[in-house]
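>>> let's see this in three dimensions:
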Amino acid sequence: MTADATVSTVVPESPVPATESGQSSSSSAQTASPVELSEAVTSPEVVPEAASTSTESVVEELTRQLAAAEQKATANWDNLLRKQAELDNVQKRMAREIENAHKYALEKFAIELLEVKDSLELGIEAANKPETDLGAVKEGMMLILKKLADTLKKFNILEINPQDEKFNPQWHEAIAVQPVQDQEDNTVLLVHQKGYQLNDRLLRPARVVVAKAVQSN
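The predicted structure follows:
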C-alpha cells in the first residue's frame, strides 16, 4: 500500500424506514390529547334551540287538539243520552195515549147516549101516570128517537134504508124473494130491519125483501 492511501472508516447512519417515519408523523398529527378525548366523551349532544322550540310547539298543539276532541266527544255523548231519554218519554207517552184511546174511545158517544137514556126514562115515568095522554107519550117518543138519530149521525153512524132501491149485496141482506108483477128485478120491496154504517164501514146490513119480476099475462 502507498502512503497516500488513506483508510477511512465510514460509519453508516442508522436508516429510518420511510414508512415508519411517515406513520409516526401522521399519528402524532391525528392523536388527540387525553383532555380533549375526555371532553368529547362527557360533553352532551347540543340540540339546536330552534328544533327544541318547534318540538314543544307540536306537542302543545297535539295536546290542545286532543283536549278539544275529548270535550267534543263528551258533549256528543251527553247529547245522545238526552235524545235517547226524550225518545223513551215520547214512546211511553204514545203507549199511554193508545191505551187510553182503546179504553175511552166511546167516551163522547157514551155521554151523548146517556142523554137519550135519560129522556127514555122520563118518558116511561110519564107514561105510567094515569093522567098522561097517550098522544103526549107518542110525541115524546118521537122526540127521543130524533135525538138518538141525531146522536148517531153526529158520530158518522148513518142509517141504511133502501126502500124501493136496487138490491145491493154489499149493504143489503135479502131475507126473502117475492114474485111481483110490473116490478123490476132485485127491487127492495120491504125493509124488514134498517142497516147502519160507520163512515164507509158496514156495521149491520139492511134486511130486506127483494122483488122477482113476473111477466103479466
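
>>> give the buried residues for stretch 120-133.
120, 123 (16 or more other C-beta atoms under 10 Å). Where C-beta positions appear, they are placed from N, C-alpha and C, glycine not excepted.

>>> please apply the same query to stretch 141-153.
144, 148, 151-152.

>>> who touches that stretch?
If you take C-beta atoms under 8 Å, 6 or more residues apart in numbering as the criterion, stretch 141-153 is touched by 109, 112-113, 115-116, 119-120, 123, 158-159, 196.

>>> quick one, phi/psi of the closest residue to Lys108 other than its chain neighbours?
Nearest residue to Lys108, sequence neighbours excluded (C-beta to C-beta, 6 or more residues apart in numbering): Phe155, at 7.7 Å. When read as degrees, to the nearest 10, the backbone of Phe155 gives phi -100, psi 30.

>>> just checking, Phe155 touches Phe109?
Yes. Counting by C-beta atoms under 8 Å, Phe155 sits close enough to Phe109 to count as a contact (5.3 Å).

>>> in a helix, Lys146, correct?
Yes. Under DSSP: H, G, I helix; E, B strand; the rest coil, Lys146 falls within a helix.

>>> quick one: it from Ile175, how far?
28 Å (C-beta to C-beta, to the nearest Å).

>>> Asp182 now?
Counting by C-beta to C-beta, the gap from Asp182 to Ile175 is 23 Å.

>>> cool, and Glu112?
Counting by C-beta to C-beta, the gap from Glu112 to Ile175 is 31 Å.

>>> who has more neighbours out of these two?
Using other C-beta atoms under 10 Å as the criterion, Glu112 and Ile175 rank with Glu112 on top: 15 against 12.

>>> and the residue minimising distance to the centre of the chain, what helix or strand is that in?
Central residue of the chain (C-alpha atoms, centre = their mean): Leu87, 8.3 Å from the mean position. Following DSSP states H and E, one finds Leu87 within helix 49-104.

>>> helices of the chain, start to end?
18-30, 34-42, 49-104, 107-127, 134-154 (DSSP state H).

>>> output the ones you listed as TSV; include the columns mean pLDDT and distance to Leu202.
TSV is the format used below for the helices of the chain (pLDDT from 0 to 100; distance: least, C-beta to C-beta, whole Å):
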stretch	mean pLDDT	distance to Leu202
helix 18-30	41	118
helix 34-42	48	107
helix 49-104	89	22
helix 107-127	90	18
helix 134-154	91	15
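
>>> distance to Thr187 added to those helices, as a markdown table?
Converted to a markdown table, the helices of the chain look like this (distance: least, C-beta to C-beta, whole Å):
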| stretch | distance to Thr187 |
| --- | --- |
| helix 18-30 | 135 |
| helix 34-42 | 126 |
| helix 49-104 | 43 |
| helix 107-127 | 34 |
| helix 134-154 | 26 |
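
>>> which one of those helices lies nearest to Pro205?
Across the helices of the chain, Pro205 has its closest neighbour in helix 134-154 (16.5 Å, C-beta to C-beta).

>>> roughly how far out does that closest one sit from the chain middle?
Distance of helix 134-154 from the chain centroid (C-alpha atoms, centre = their mean, to the nearest Å) equals 51 Å.

>>> and stretch 161-178, by the same measure?
Centroid separation for stretch 161-178 versus its chain: 49 Å, with C-alpha atoms, centre = their mean.
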